[in-house]
Structures are given as structure tokens and as C-alpha cells.
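Undergrad: Coordinates for the following, if possible.
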Amino acid sequence: MNKGGLSMKMADIQNKAKALGLKPSKMKKVDLIRSIQTEEGNFSCFQTSANGQCTQESCCWRDDCLEH
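TA: Below is the predicted model:
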């Protein structure tokens, strides 16, 4: 998704959420991504790393997450 360091645009995130059956209308980016992570059966950990480290090597949100 955002491999190669490209940040995903909010419209793309909303489309992904809708495809999963979520209603993204007024959700903030962080909350929306965490909802997507949960819906996909993953940890809802987007931007929760306090030390810039993450064990989720294959996460499609990794670049956006660790740049905060």
C-alpha cells in the first residue's frame, strides 16, 4: 500500500475502510487506520510506538506510522 515511503492519502484510507464495511465519514486518520487494522485482524497500534520501534515488519501502515 504505502511501501516505498509513500504516505497514503485520506481518501484512499477512507476507500479502504468502506471496502471493509466501515463508516469512515468523520473519523480522524489515526482512528480510521486503527479501525482498519482491527477489522483486518491485526493489532490496532498505528502511531502508538513511544520509541520508534515496531515489530510489525509487514504492516502496510509502517512508513506512515513511524514517521510521526
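
Undergrad: Report the residue spans of the chain with pLDDT below the cut-off.
TA: Low-confidence segments of the chain, defined by pLDDT under 70, are located at 1-6, 68.

Undergrad: The same query, at a cut-off of 80, please.
TA: Along the chain, the parts satisfying pLDDT under 80 run over 1-7, 67-68.

Undergrad: So which bits of stretch 61-68 are buried?
TA: Within stretch 61-68, the residues that qualify as buried are 61, 62, 63, 64, 65, counting by 16 or more other CB atoms under 10 Å. Using the backbone N, CA and C atoms, a C-beta is placed for each residue, glycine as well.

Undergrad: wouldn't the third one be in contact with residue 47 here?
TA: No - contact criterion CB atoms under 8 Å: residue 63 and residue 47 do not qualify, at 11.8 Å.

Undergrad: Now the residue nearest in space to the middle of the chain: phi and psi?
TA: Among the residues of the chain, the one closest to the centroid is residue 33, at 3.5 Å (CA atoms, centre = their mean). Phi and psi for residue 33, reported as degrees, to the nearest 10, are phi -60, psi -40.
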